[in-house]
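Mind folding the following:
(2 chains)
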Protein chains: 2
Amino acid sequence: MKIAVSGKGGVGKTTISAYIVKKFAAEGYQVYAVDADPDLSLGTVLGIENQDIQNLKPIVDMRDVIAEKSGGGGAYYSLNPDVDDVLNEYAIRIGNIKFFKMGAVKQGGSSCYCRENSFLNSLMNALLLNNKDVVVLDMGAGIEHLTRGTSKGVDAIIVVTEPTLVSVQTAQVVTKLAHELEIKNVKYIGNKIRRVEEQEFLKKHLIPEDILGFISYNESMLDEALGLAPKEDAGVFEQDMNFVFKNLVSQIN
Amino acid sequence: MKIAVSGKGGVGKTTISAYIVKKFAAEGYQVYAVDADPDLSLGTVLGIENQDIQNLKPIVDMRDVIAEKSGGGGAYYSLNPDVDDVLNEYAIRIGNIKFFKMGAVKQGGSSCYCRENSFLNSLMNALLLNNKDVVVLDMGAGIEHLTRGTSKGVDAIIVVTEPTLVSVQTAQVVTKLAHELEIKNVKYIGNKIRRVEEQEFLKKHLIPEDILGFISYNESMLDEALGLAPKEDAGVFEQDMNFVFKNLVSQIN
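Numbers count the residues shown, from 1 in each chain, chains lettered A, B, ... in the order given. Here you go, the predicted model:
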């Protein structure tokens, strides 16, 4: 199963991606966690040291290796993650999670991330997965990964959204673009919810039966990042996310 | 003066850009407000109707017109906004604010926004400004506008940041890239501040004398977006932003 997590900047894509990654891993899946945002954060949230993330070779560097393996003809050979040692060179392993980064931070003014996005898409399409394999792509904020077609070929796109108008507008544009890419499953997660009215607001603006669930606003997430607060609210977040995760697995599998 | 507003997704770039735009306008400046994020929001926050934003011709369409005016030689002629009627065709006017959008929403999988970013950069460099003219660019989330060089040529970059580790990491990368682009002024605004410790956290991780100020966490911003709350906290936001704005004008002019 290949899942892309999308949404407006700051809605909680990375926190939620990290949770989904860990949850799949805890359930015995082999998880390929890919940070597809040039502004890297997923690794940090997964608990990987900054230095290790910086030293990790980006996926895009696999391009020449794979071209060579497939005879240089340009067509990608199918990657079987069970037997393919190419993948391991580009991964940081945490239990049954393999963490990848799409690209490295470049020089100012040097170039875009088109090559990285395009290769990631080819790689995703070449990846043969078993039933117990899952790929989670934490996409960059906004819509460009969709206009670029990076997410083309995923089984599901999860759009994280806050109960604000601008956030819902982005979710609607993401939905439209995902349909154009013929992505079968477009699901929503309502994040930072503090009141029932906010759930109603999201139901009104999105397709209610495609909302996987709502996650309560959690003040301590910020504080934890600062080391100012114990993880006392983590229980609520986990409860909410468990509900969302159960729906995710049953609605997409 | 040309100012780009940058930062991690969701830190408040657009809200703060909109305030800076309005404040400059209130002080008698001619303001060019540019939404440089393909995931358009600045217009909405400035109070422009969605339909009008959608119907607005994107800046990138100016390319051929300008190429023609400059004799088709590829070099851009210098745009003088006082006399140039080309600009007006691509603007929505609100008092002495002219609102522009960099690009339009594309089809899924159709293309990147490289052409839009590249043209915006050329246009910025061709724009001759008077003392009482200011351009405010609301950039896309993350760092790609810097690796692409879109912000090259601005007089200042304002990095909005929350008191979280991931947000500060992005601010640090933005700073590094801005220096590579030889942008003279890199200033910070600490947003969503609820405690003195959070100000200290930001001072520790950024250059304290380059922090223009701190903006209190404002719960009602979300509620206002939902139409659930009156604008009672707007006073606090305005107070904080007035302080930030004063520092901005004195430190950059």
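
Residues of the stretch 1-150 of chain A that sit close to chain B?
Within the stretch 1-150 of chain A, the residues that sit near chain B (CB under 8 Å from any CB of the partner chain) are A:8-11, A:13-14, A:37-39, A:41, A:44-45, A:50, A:105-114, A:117, A:140-144, A:146-149. Every C-beta, even on glycine, is put in place using the N, C-alpha and C of the backbone.

Could I have the ChimeraX command that selects the buried members from those?
Typed into ChimeraX, the line below selects the buried ones among those, using 16 or more other CB atoms under 10 Å in any protein chain shown:
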select /A:8,9,10,11,13,14,37,38,39,41,44,45,105,106,108,109,112,113,114,117,140,141,142,143,144,146,147,148,149
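
Alpha carbons only: can I get the longest strand seen in chain A in PDB?
The single longest strand within chain A, with elements called by DSSP state E, is strand A:185-193. This file holds the C-alpha atoms of strand A:185-193, laid out as PDB (Å, rounded to 0.1, in the frame of the first residue of the first chain):
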ATOM      1  CA  ASN A 185      -8.800   7.000  -2.300                       C
ATOM      2  CA  VAL A 186      -8.900  10.600  -1.100                       C
ATOM      3  CA  LYS A 187      -9.400  10.600   2.700                       C
ATOM      4  CA  TYR A 188      -9.400  13.500   5.200                       C
ATOM      5  CA  ILE A 189      -8.200  13.900   8.800                       C
ATOM      6  CA  GLY A 190      -9.500  16.900  10.700                       C
ATOM      7  CA  ASN A 191      -6.700  18.100  13.000                       C
ATOM      8  CA  LYS A 192      -6.500  20.700  15.800                       C
ATOM      9  CA  ILE A 193     -10.200  20.200  16.700                       C
END
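
Which other helices and strands does the following helix or strand past it contact?
Once the chain leaves strand A:185-193, the next helix or strand it forms, by DSSP states H and E, is helix A:196-205. Applying 3 or more CB pairs under 8 Å, 6 or more residues apart in numbering or on different chains; DSSP states H and E, one finds that helix A:196-205 makes contact with helix A:165-180, strand A:185-193, strand A:211-216, helix B:220-226.

most packed of those?
strand A:185-193 (a mean of 23; mean count of other CB atoms under 10 Å in any protein chain shown).

Also compute the angle for it relative to helix A:196-205, please.
160 degrees (axes from the mean of the first three to the mean of the last three CA atoms, to 10 degrees).

chain center to the longest strand of chain A: distance?
Centre-to-centre, strand A:185-193 and its host chain are 13 Å apart (CA atoms, centre = their mean, to the nearest Å).

residue of chain A with the smallest distance to chain B?
residue A:10 (0.8 Å; CB to the nearest CB).

separation between the nearest residue to that residue once chain neighbours are set aside and residue B:203?
Nearest residue to residue A:10 in three dimensions, chain neighbours excluded: residue B:10, at 0.8 Å (CB to CB, 6 or more residues apart in numbering or on different chains). Distance, residue B:10 to residue B:203, using CB to CB, to the nearest Å: 22 Å.

one step back: tell me the pLDDT at the residue nearest to residue A:10?
With respect to pLDDT, residue B:10 scores 84.

where does the stretch 51-200 of chain A dip in pLDDT?
A:70-77, A:83 (pLDDT under 70).

Please repeat the previous calculation with a cut-off of 90.
A:62-88, A:105, A:109-111, A:122-131, A:140-142, A:153, A:164-167, A:169, A:194 (pLDDT under 90).

At which residues are the strands of it located?
A:92-94, A:97-101, A:133-139, A:156-161, A:185-193 (DSSP state E, counting those that start in this stretch).

Would you convert those into TSV that also reports distance to residue A:18?
Output for the strands of the stretch 51-200 of chain A, formatted as TSV (distance: least, CB to CB, whole Å):
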stretch	distance to residue A:18
strand A:92-94	11
strand A:97-101	10
strand A:133-139	8
strand A:156-161	12
strand A:185-193	13
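
Between those, which one is closest to residue A:23.
Evaluated over the strands of the stretch 51-200 of chain A, closeness to residue A:23 peaks at strand A:133-139, with 10.0 Å, by CB to CB.

Contacts for that closest one next, please.
Here strand A:133-139 makes contact (CB atoms under 8 Å, 6 or more residues apart in numbering or on different chains) with A:1-6, A:13-14, A:17-18, A:20-21, A:24, A:29-37, A:41-42, A:81, A:120, A:124, A:127, A:129, A:145, A:150-151, A:154.

follow-up on the earlier one: for residue B:169, find the nearest of the helices and strands packed on helix A:196-205.
strand A:185-193 (20.9 Å).

Paired strands for that closest one, with orientation please.
With DSSP bridges as the test, strand A:185-193 is paired with strand A:156-161 (parallel), strand A:211-216 (parallel).

Could you point out which of those sits nearest residue B:189?
Closest among those, using CB to CB: strand A:156-161, at 24.7 Å.

Distance of the residue nearest to the spatial centre of chain A relative to residue B:113?
Centroid-nearest residue in chain A, with CA atoms, centre = their mean: residue A:138, separated by 2.3 Å. Distance from residue A:138 to residue B:113, counting by CB to CB: 20 Å.

got a list of what residue A:6 touches?
Contacts of residue A:6 (CB under 8 Å, 6+ apart): A:13, A:139, A:145-146, A:151, A:157-160, A:174, A:178.

Just give me the closest of these to residue A:196.
Using CB to CB, these come closest to residue A:196 at residue A:160, 19.5 Å.

Is the closest one in contact with residue A:10, as I believe?
No. Here residue A:160 does not reach residue A:10: they are 9.8 Å apart, not a contact under CB atoms under 8 Å.

Does the residue nearest to residue A:137 when sequence neighbours are not counted lie in a helix or a strand, and which?
Spatial nearest neighbour of residue A:137, chain neighbours left out: residue A:4 (4.4 Å); criterion: CB to CB, 6+ apart. For residue A:4, the element it lies in under DSSP H and E is strand A:2-6.

Write a PyMOL command that selects only the buried members of the contacts of strand A:133-139.
Here is the PyMOL selection string for the buried members of the contacts of strand A:133-139, based on 16+ other CB under 10 Å:
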select buried, chain A and resi 1+2+3+4+5+6+13+14+17+18+20+21+24+29+30+31+32+33+34+35+36+37+41+42+81+120+124+127+129+145+150+151+154
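
mind listing what's buried in the longest helix that chain A contains?
Longest helix of chain A, by residue count under DSSP state H: helix A:234-252. For helix A:234-252, a neighbour-count test (16+ other CB under 10 Å) marks A:237, A:240-241, A:244-245, A:247-249, A:252 as buried.

same check, this time on stretch A:57-73
Neighbour-count burial for stretch A:57-73 [16+ other CB under 10 Å]: A:58-60, A:62-63, A:66.

now the residues you listed as CSV including distance to residue B:212?
As requested, these are exported to CSV (distance: CB to CB, whole Å):
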residue, distance to residue B:212
A:58, 34
A:59, 37
A:60, 36
A:62, 42
A:63, 42
A:66, 47
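
on that earlier part again, tell me the angle of the longest strand of chain A relative to strand A:2-6?
40 degrees.

give me every residue that touches residue A:7.
Neighbours of residue A:7 in contact, by CB under 8 Å, 6+ apart: A:13, A:141, A:159-161, A:167, A:170-171, A:174.

what's the answer for residue A:243, then?
Residue A:243 neighbours (CB under 8 Å, 6+ apart): residue A:213.

Check what pLDDT it gets.
95.

And residue A:108, how close does it get to residue B:148?
From residue A:108 over to residue B:148 the distance is 9 Å, taken as CB to CB.

Could you do residue A:64 as well?
24 Å.
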